[in-house]
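Peer 1: Predicted model and sequence below, questions to follow.
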Amino acid sequence: ATATATAAATAAAAETHAVMVPGLPVDVTKEELEAACKAFGEVAGIRVRRRQKRKQAYAFVSFAEARSASAALQGGEGLSLRDGSHRLRVLPATMNPAKAAADAQDVDAAAAATATATAAATAAAAETHAVMVPGLPVDVTKEELEAACKAFGEVAGIRVRRRQKRKQAYAFVSFAEARSASAALQGGEGLSLRDGSHRLRVLPATMNPAKAAADAQDVDAAAAATATATA
């Protein structure tokens, strides 16, 4: 029965291009969820389930195209609600909703820490004029990112964080001027890498770029040092 249910869930997810977003505020609205998720593509529908006793909710977000759902799964960690006060988690829609909800961070318990982290991230982003570029190839280089982003203005710095197990990376790109960062946020969807084979998405830098750089496997030397330490 479990195998049958899993197969049915997988088929349904493939048909609807859906993802699951657990650990939401209990009063979340479809409108604010759609506003956050449309960064990945056209949203076809949203179903919200509320758990009043736990004061939280979860949602299934269906996209018009499968590639949008894939992009959300890869880059959903960069999304937030309510001016960055609530970070989103995006999971495959095939996961048991009860398990995902139980697994999610409790909204009330995490609110204070999230607010503090968000304030620090906002201040850092304002100072560095940074944007976030998620869902990158794991072997992306600073040079190819700079070549793409300099269309918006002078690039002051790039920090890359690699996730080897997921075979992907994301980057924080800092511009010399705030207007360049704003232009990138507005027009970043037109950027691509590797002769157009990889489209870029540009999001607000909701994480402190300095913190991300500190634990990033950013260059070959850092990767080699990590391998040595592991050995």
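Peer 2: Thanks, I have it.
Peer 1: Tell me where the chain has strands.
Peer 2: For the chain, the strands defined by DSSP state E cover 18-25, 43-51, 56-63, 80-81, 86-87, 91-92, 130-137, 155-163, 168-175, 192-193, 198-199, 203-204.
Peer 1: For the last one, which strands pair with it and how are they oriented?
Peer 2: The reference is to strand 203-204. Its sheet considered, strand 203-204 pairs with strand 130-137 (antiparallel) by DSSP bridges.
Peer 1: Same list (the strands of the chain) but as JSON lines, adding mean neighbour count.
Peer 2: Quick note: C-beta positions are derived from backbone N, CA and C, even for glycine. Output for the strands of the chain, formatted as JSON lines (neighbours: other CB atoms under 10 Å):
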{"stretch": "strand 18-25", "mean neighbour count": "23"}
{"stretch": "strand 43-51", "mean neighbour count": "15"}
{"stretch": "strand 56-63", "mean neighbour count": "22"}
{"stretch": "strand 80-81", "mean neighbour count": "18"}
{"stretch": "strand 86-87", "mean neighbour count": "20"}
{"stretch": "strand 91-92", "mean neighbour count": "17"}
{"stretch": "strand 130-137", "mean neighbour count": "23"}
{"stretch": "strand 155-163", "mean neighbour count": "19"}
{"stretch": "strand 168-175", "mean neighbour count": "23"}
{"stretch": "strand 192-193", "mean neighbour count": "15"}
{"stretch": "strand 198-199", "mean neighbour count": "14"}
{"stretch": "strand 203-204", "mean neighbour count": "18"}
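Peer 1: With distance to Ala35 and mean pLDDT added, can I get those in JSON lines?
Peer 2: Putting these into JSON lines (distance: least, CB to CB, whole Å; pLDDT from 0 to 100) gives the following:
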{"stretch": "strand 18-25", "distance to Ala35": "13", "mean pLDDT": "88"}
{"stretch": "strand 43-51", "distance to Ala35": "9", "mean pLDDT": "89"}
{"stretch": "strand 56-63", "distance to Ala35": "12", "mean pLDDT": "88"}
{"stretch": "strand 80-81", "distance to Ala35": "9", "mean pLDDT": "85"}
{"stretch": "strand 86-87", "distance to Ala35": "13", "mean pLDDT": "84"}
{"stretch": "strand 91-92", "distance to Ala35": "20", "mean pLDDT": "84"}
{"stretch": "strand 130-137", "distance to Ala35": "17", "mean pLDDT": "88"}
{"stretch": "strand 155-163", "distance to Ala35": "26", "mean pLDDT": "89"}
{"stretch": "strand 168-175", "distance to Ala35": "21", "mean pLDDT": "89"}
{"stretch": "strand 192-193", "distance to Ala35": "24", "mean pLDDT": "86"}
{"stretch": "strand 198-199", "distance to Ala35": "21", "mean pLDDT": "86"}
{"stretch": "strand 203-204", "distance to Ala35": "13", "mean pLDDT": "82"}
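Peer 1: Can you lay out these as CSV showing distance to Glu31?
Peer 2: CSV is the format used below for those (distance: least, CB to CB, whole Å):
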stretch, distance to Glu31
strand 18-25, 13
strand 43-51, 9
strand 56-63, 12
strand 80-81, 11
strand 86-87, 15
strand 91-92, 22
strand 130-137, 23
strand 155-163, 31
strand 168-175, 27
strand 192-193, 30
strand 198-199, 26
strand 203-204, 19
